[in-house]
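Visitor: build me a model:
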Amino acid sequence: ACQHKMAKLVAVLCAAAVLAEAILAAPIPSADALVVKANRPATSSWQRTQCGGPSGAADIPTQWGKTVTASQQPLSEYPRPMFMRGASVSAADADFGVLRDTGDATNWVNLNGLWEWEATTDPSSVPFGKNLSGSILVPFPVESCLSGVAPKKSADIVTKMFYRLTFKMAAPSSQRVLLHFGAVDWQTSVWINGALLGNHTGGYDGFSFDVTSSLASDKDNELIVYVFDPSDGGKQPNGKQRISAIDRPGGDTYTPNSGIWQTVWLETVPAAYVSGIRVNTSLSALQVTPTVVGSVDTVSYSVLDGTTIVATSSGKPGQTVTINIPSPKLWSPESPHLYNLKITANDDQVLSYFGLRTFTLGNAYSPGHPDTGPQVGIDRPGDDLPDMPFQAASVEECWGKCNVTHMCVAWAFGNTDAGCPLHNKCWLKSSGPATRSDRCRTSGQKAVGPTPMLRPLLNGNFTFLAGWLDQSWWPDGQYTAPTDEALAFDIKAVKTFGMNMVRLHQKVNPERWYYAADVTGVVVFQDAVQKYGGANNDTIAFYIHDMTAMITGRGNHPCIVQWETFNEGDCWQVFKNPSVADMVALARKTDWQNRPIDTDSGGGANDQPVGDVNDIHSYPYPRDPGTKPNKYNMVGEFGGIGAFIAGKEWVPGKCHTYLKADSASKEASLYEGMVDTLIKLKATTTSASVYTQITDVELECDGFLNYDRTSKFDDATTKAVAAANQKLIHS
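Guide: Here you go, the predicted model:
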């Protein structure tokens, strides 16, 4: 099957190359397809720089980053696999998987590669008709080692810059031409042939321009992009970016990412075309709503299971159409089934896909557990009731007091052994916190019978969601994965380690990352990007734009089941008018799939009576999140166990973490112990957990994987960790 797909891919690319050569040799206006001939800087003008902290000697590119060159187009895959356009969609031998990787070679061109680039101090002096002094490998952000222009110290950061690319092009005269940017951080202005196409503000969402009237068919076209990005010096949400991290890496903020960081591409469309769709599903039906540009009477739909049509329907532009699916196959982590969806409007043909799945809140019964009785040498720290501790004559008195106290769930007693402080003290607990060894304590937990518990229900059933925190940062591309294979690797690693979920933290990824999650069957909890420190009233409008753009831009993906509006104390305190509750309401209004909202992961706004999740952070050991009315309970961050691997550190000898492990095997065993705690918490309160984290990130060395994506664990250890996670999910 792989050989078959590769043969088809090679055939598509070769056909496109032959077509391009023929068209460019002929008079340009006679094109039957979109063809672009870019004039690029010499490949010798680019060289990868150090993929490591400039304050040290480390150079740790990933295996994929090592293959990146200026002579081969980076990230050449079709950037929008959920909405692929072209006549090849209806070809009798169409391979939809290949098309989602290659696109239709006749109607799109990837502009990634070497562009001219230079810093500027005068944005008003647009360099029309002038060569720029440097070159950059698009779409890698300026500060990445793959850009070729990464600053070596924080003082050299570039906040204002121009990009320039000239190209000849040919396109069918009946078609419109669109210019797409996947994402540019942060404020962008775009010109073609001296005409300002428009401006865009926002570092995480895509934007497009109709450039048809600005293009020339008989000479070079000049595309100029201006970018302003103050990074953490501005008031906009910037996630974990910090300019000073170039000189002084550390903590939980990292090297910034400026400029173009997702694919730039041209696309032709008919005069009337489908510009987007919104899909929603039940367990047996699809709802689809199209947005159309131009005059269209009817939009037609065909649902395919593989290549077999199983349902059809049609409707008007803007009309929501419900399509019942016979013998429906559901999307889940265990069976991530995807249906293909063909959309036709006049001459426009689009290939999309969807998964039948629901994610709602409902009651499921907790199995409970018997009274543990006194457990000698075990402590249950935290979650004390008021006025603790009190004096108790014996273990039995402390245990008995818990049994007759309404709010008591667990207890701990100070042993009278020699050398034990706080002996004969009794602590009553409001929840069943995590246990730890302590010779000076005896503790226990009361019996809990089967009780209804508000749980998240995937397709109507409670499935424990065990995942990890993903910053989605790379030692070579920073925000941008070096290749498409690398991008998908992080998703596949979730399954390698036996998990079923990932929390994408303070970042919105390219469409192809979510496509990989859809195909692989990985559930995504999606963070809204925060202003990580220094937020004020000016931040609010930028945050609203970014949050709503995130939902509208990624909201069709079946993998995404939950939105996080805020994280810890990063940003929410400035929201007075509008309030935090207003932001939760806005997220609900924006999301046509009505996913649950996590108001504030691990922060003070988690206590507000809005949202659907009671989400705590507990480092390093997970503890009982307790309960809150009308919310399910989640440990949104825990762990941070780190084994520091020589030769893999961003700056040698400078790693830090929440809980240091002397070896990778010790890191794994500590994690497995935490999973045992989560299994107990699952039985009483907890429905999801997020471990920190998938990879080391710069000096935060608490990943299962090193920063360069090599594993810290041998195969046997990896299997043991995966088995522990599977036990947590399925116990």
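Visitor: so where does Asp582 fall, helix or strand?
Guide: Element membership for Asp582 (DSSP states H and E) is helix 580-590.
Visitor: and the helix or strand that that helix is followed by with helix 580-590, angle?
Guide: Scanning forward in sequence from helix 580-590 by DSSP H and E, the next helix or strand is strand 597-601. If you take axes from the mean of the first three to the mean of the last three C-alpha atoms, to 10 degrees, strand 597-601 sits at 140 degrees to helix 580-590.
Visitor: so what touches strand 597-601?
Guide: Strand 597-601 is contacted by residues 503, 525, 527, 562-568, 572, 580, 584, 587-588, 605-606, 608, 610-613, 615, 617, 634, 636-637 when judged by C-beta atoms under 8 Å, 6 or more residues apart in numbering. For the C-beta atoms, the positions are set from N, CA and C on the backbone; glycine is no exception.
Visitor: can you rerun that using 6 Å?
Guide: Contacts with strand 597-601, where a contact means C-beta atoms under 6 Å, 6 or more residues apart in numbering, come from 562-567, 572, 584, 587, 605-606, 610-613, 615, 636.
Visitor: partner strands of that strand, parallel or antiparallel?
Guide: strand 560-567 (parallel) (DSSP bridges).
Visitor: so for the partner strand, what's the average pLDDT?
Guide: The average pLDDT within strand 560-567 is 98.
Visitor: got the contact list for it?
Guide: Residues contacting strand 560-567 (C-beta under 6 Å, 6+ apart): 359, 523-528, 530, 572, 583-584, 587, 595-601, 605.
Visitor: report the buried residues of stretch 330-346.
Guide: Within stretch 330-346, the residues scored as buried using 16 or more other C-beta atoms under 10 Å are 330-333, 336, 338-346.
Visitor: with stretch 675-682 instead?
Guide: Result for stretch 675-682 [16+ other C-beta under 10 Å]: buried residues 675, 677-682.
Visitor: next SSE after the helix or strand of the chain with the lowest mean pLDDT?
Guide: Scoring the helices and strands of the chain by mean pLDDT, DSSP states H and E places helix 2-25 at the bottom, with a mean of 41. The first helix or strand that comes after helix 2-25 along the chain, using DSSP H and E, is strand 35-39.
Visitor: grab the nearest non-local neighbour of Asn459.
Guide: Leu330 (5.2 Å; C-beta to C-beta, 6 or more residues apart in numbering).
Visitor: quick one: the one you found and Asn461, what's the gap?
Guide: For Leu330, the distance to Asn461 equals 10 Å [C-beta to C-beta, to the nearest Å].
Visitor: now do Trp265
Guide: Trp265 is 40 Å from Asn461, by C-beta to C-beta.
Visitor: and what of Thr684?
Guide: Distance, Thr684 to Asn461, by C-beta to C-beta: 19 Å.
Visitor: follow-up on the earlier one: so which of the buried residues of stretch 675-682 sit within helices?
Guide: Per DSSP state H, helices hold the following members of the buried residues of stretch 675-682: 675, 677-682.
Visitor: between these, which is closest to Pro421?
Guide: Thr677 (25.1 Å; C-beta to C-beta).
Visitor: gap between the closest one and Val635?
Guide: Relative to Val635, and taking C-beta to C-beta, Thr677 is found at 10 Å.
Visitor: ok, now Phe644?
Guide: According to C-beta to C-beta, Phe644 stands 25 Å off from Val635.
Visitor: ok, these two, which is more surrounded?
Guide: Val635 (28 against 24; other C-beta atoms under 10 Å).
Visitor: so that one is in which element?
Guide: strand 632-639.
Visitor: thinking again about what came up before, overlap in contacts of Thr677 and Val635?
Guide: Common neighbours of Thr677 and Val635 (C-beta under 6 Å, 6+ apart) are Pro622.
Visitor: quick one: the helices in this structure?
Guide: Counting by DSSP H, the helices of the chain are 2-25, 96-102, 395-403, 484-496, 511-520, 537-554, 580-590, 664-684, 715-730.
Visitor: greatest separation within the buried residues of stretch 330-346: which pair is it?
Guide: Pro333 and Asn346, at 38.8 Å, using C-beta to C-beta across these.
Visitor: please tell me how far the residue nearest to Ala488 when sequence neighbours are not counted sits from Thr281.
Guide: Leaving out its chain neighbours, the residue that sits closest to Ala488 by C-beta to C-beta, 6+ apart is Ala516, at 4.1 Å. For Ala516, the distance to Thr281 equals 20 Å [C-beta to C-beta].
Visitor: and if you look at Val184?
Guide: For Val184 relative to Thr281 (C-beta to C-beta), the value is 32 Å.
Visitor: more crowded one of these two?
Guide: Between Val184 and Thr281, counting by other C-beta under 10 Å, Val184 is the more crowded of the two (28 against 23).
Visitor: that one contacts Ser258, correct?
Guide: No: at 9.1 Å, Val184 does not count as touching Ser258 under the criterion of C-beta atoms under 6 Å.
Visitor: quick one on the thing from earlier: just give me the neighbour total for the residue nearest to Ala488.
Guide: Using other C-beta under 10 Å: Ala516 sits among 22 other residues.
Visitor: with Phe209 instead?
Guide: The number of residues near Phe209, taken as other C-beta under 10 Å, comes to 17.
Visitor: partner residues bridging it?
Guide: Where Phe209 sits in a bridge, its partners, by DSSP bridges, are Leu179.
Visitor: how much space is there between it and Phe181?
Guide: 9 Å.
Visitor: tell me the one among the buried residues of stretch 675-682 nearest to Phe354.
Guide: Lys682 (30.4 Å).
Visitor: got the phi/psi numbers for the residue nearest to the closest one when sequence neighbours are not counted?
Guide: Once flanking residues are discounted, Lys682 sits nearest to Phe464: 5.6 Å by C-beta to C-beta, 6+ apart. Backbone dihedrals for Phe464, given as degrees, to the nearest 10, come out at phi -70, psi 130.
Visitor: Ile260 reaches Pro139, doesn't it?
Guide: Yes: counting by C-beta under 6 Å, Ile260 touches Pro139, with 5.0 Å between them.
Visitor: ok, now which ones touch the closest residue to Val303 other than its chain neighbours?
Guide: Nearest non-adjacent residue to Val303, counting by C-beta to C-beta, 6+ apart: Ala311, 4.2 Å away. Shown in contact with Ala311 (C-beta under 6 Å, 6+ apart): 303, 323, 325.
Visitor: neighbour count and pLDDT added to the residues you listed, as JSON lines?
Guide: Shown next, in JSON lines, are the contacts of Ala311 (neighbours: other C-beta atoms under 10 Å; pLDDT from 0 to 100):
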{"residue": "Val303", "neighbour count": "22", "pLDDT": "97"}
{"residue": "Ile323", "neighbour count": "21", "pLDDT": "98"}
{"residue": "Ile325", "neighbour count": "19", "pLDDT": "98"}
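Visitor: which of the residues you listed lies closest to Tyr78?
Guide: The nearest one, if we look at the contacts of Ala311 relative to Tyr78 and count by C-beta to C-beta, is Val303, at 21.6 Å.
Visitor: what pairs with that closest one across the strands?
Guide: Ala311, Leu341.
Visitor: what sits against the spatially most central residue of the chain?
Guide: Centrality entry for the chain: nearest residue to the mean C-alpha point is Leu504, 3.7 Å, by C-alpha atoms, centre = their mean. The contact partners of Leu504, by C-beta under 6 Å, 6+ apart, come to 470, 524, 526.
Visitor: mind redoing it with 10 Å?
Guide: When the contact criterion is C-beta atoms under 10 Å, 6 or more residues apart in numbering, the partners of Leu504 are 467, 469-472, 490, 513-514, 517, 524-527, 554, 560, 564.
Visitor: again, but for Gly198
Guide: Gly198 touches 188-191, 207-210, counting by C-beta under 10 Å, 6+ apart.
Visitor: restrict those to the buried ones and give me that as a ChimeraX selection.
Guide: The ChimeraX selection below is limited to those of the contacts of Gly198 classed as buried (16+ other C-beta under 10 Å):
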select :188,189,190,191,207,209
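Visitor: export the contacts of Gly198 to TSV and append columns for distance to Lys654 and pLDDT.
Guide: Listed next are those as TSV, based on distance: C-beta to C-beta, whole Å; pLDDT from 0 to 100:
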residue	distance to Lys654	pLDDT
Thr188	35	98
Ser189	39	98
Val190	40	98
Trp191	43	98
Phe207	38	98
Ser208	42	97
Phe209	44	97
Asp210	49	96
